[in-house]
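S.K.: what follows is a predicted protein model with its sequence.
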Amino acid sequence: MQELKIAFRLSLPVLGAYWFLGITYGLLAANMGYSIWVPISMAMLVYSGSVEFIALTLLLGTFQPLAAFVMAFMVGARHLFYGISMLDRYRGAGRKKPFLIYWLTDETFAVNFSNLKRMQQTGKPFTCYLWVSVLDYLYWITGGIMGYLLGAAMGEKLLQHLQGLDFVVTAMFVAIFMDDYIRNKATHLSAWLGIGSAVICLLIFGAQQFIIPTMLCILAVLYFNYKSNNP
């Protein structure tokens with residue numbers, strides 16, 4: 001139970017963000033005429049908020065599976081880099097590892113990656129990792145359900161008050177980044193690498209195309225750094 005309590009406290013920022021965005025997602029699904037099982041199924045099986053928002057629109061258009069695949073891959077490609085960063089953290093997780101991999105999202109990665117010491121103090125870090133993953137998963141699903149029920153009950157009356165609500169995730173990431181930067185001096189180099197790569201790629205590729213080049217730059221630097229330290 002100690003691991004669950006710690007995981008719950010650490011995941012509280014994600015609870016706020018996931019419920020806000022999940023409610024928005026459910027509202028949109030309801031107002032677009034979907035059955036409740038569509039947003040719930042996507043929340044459980046796709047479990048990628050940005051892809052799910054896009055899928056709501058794609059499912060109403062002409063069936064183009066290749067375009068949908070490319071779009072989903074491009075939007076979710078960042079998870080590849082999170083996974084690489086967590087290889088050492090999840091090594092030795094045993095039967096928990098498949099669930100940790102499947103439930104790894106932006107926010108779960110941020111919480112699990114930046115709170116290693118607190119989780120190790122329990123003596124069961126993998127259990128803490130798993131509880132954070134499970135709780136975040138449940139936050140998203142329950143947020144979507146609440147949003148759908150609100151949307152079905154109130155229709156468009158509520159949508160006009162939700163513009164800009166997605167900024168809550170950006171605010172959450174800024175808060176997590178600053179907390180990690182202040183508490184962990186060892187991660188300063190990685191933080192500046194991410195900021196520098198993003199700024200350079202933004203200037204070169206523009207606001208619509210800079211994310212993937214940024215991630216490739218970060219991956220290349222981290223790979224060469226790893227190889228230089230592990231010949």
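M.R.: Structure received.
S.K.: quick one, what contacts residue 29?
M.R.: Contacts here follow Cβ atoms under 8 Å, 6 or more residues apart in numbering; on that basis residue 29 touches 36, 38, 39, 56, 144, 147, 148, 151. Where C-beta positions appear, they are placed from N, C-alpha and C, glycine not excepted.
S.K.: which element is it on?
M.R.: Mapping residue 29 onto the secondary structure by DSSP states H and E places it in helix 12-31.
S.K.: tell me the average confidence for that helix?
M.R.: Summarised as a single mean, pLDDT over helix 12-31 is 86.
S.K.: what does the pLDDT read for residue 75?
M.R.: Reported pLDDT at residue 75 in the predicted model: 69.
S.K.: what of the one 3 residues further on?
M.R.: In the predicted model, residue 78 carries a pLDDT score of 72.
S.K.: residues touching the residue lying closest to it once chain neighbours are set aside, list them.
M.R.: If you skip the residues right next to it in sequence, residue 78 has residue 215 as its closest partner in space, 5.9 Å away by Cβ to Cβ, 6 or more residues apart in numbering. With contact set as Cβ under 8 Å, 6+ apart, residue 215 has these partners: 77, 78, 80, 81.
S.K.: now these: which count as buried?
M.R.: Using 16 or more other Cβ atoms under 10 Å as the burial test, the contacts of residue 215 include 78, 81 as buried.
S.K.: check contacts around residue 175.
M.R.: Neighbours of residue 175 in contact, by Cβ under 8 Å, 6+ apart: residue 13.
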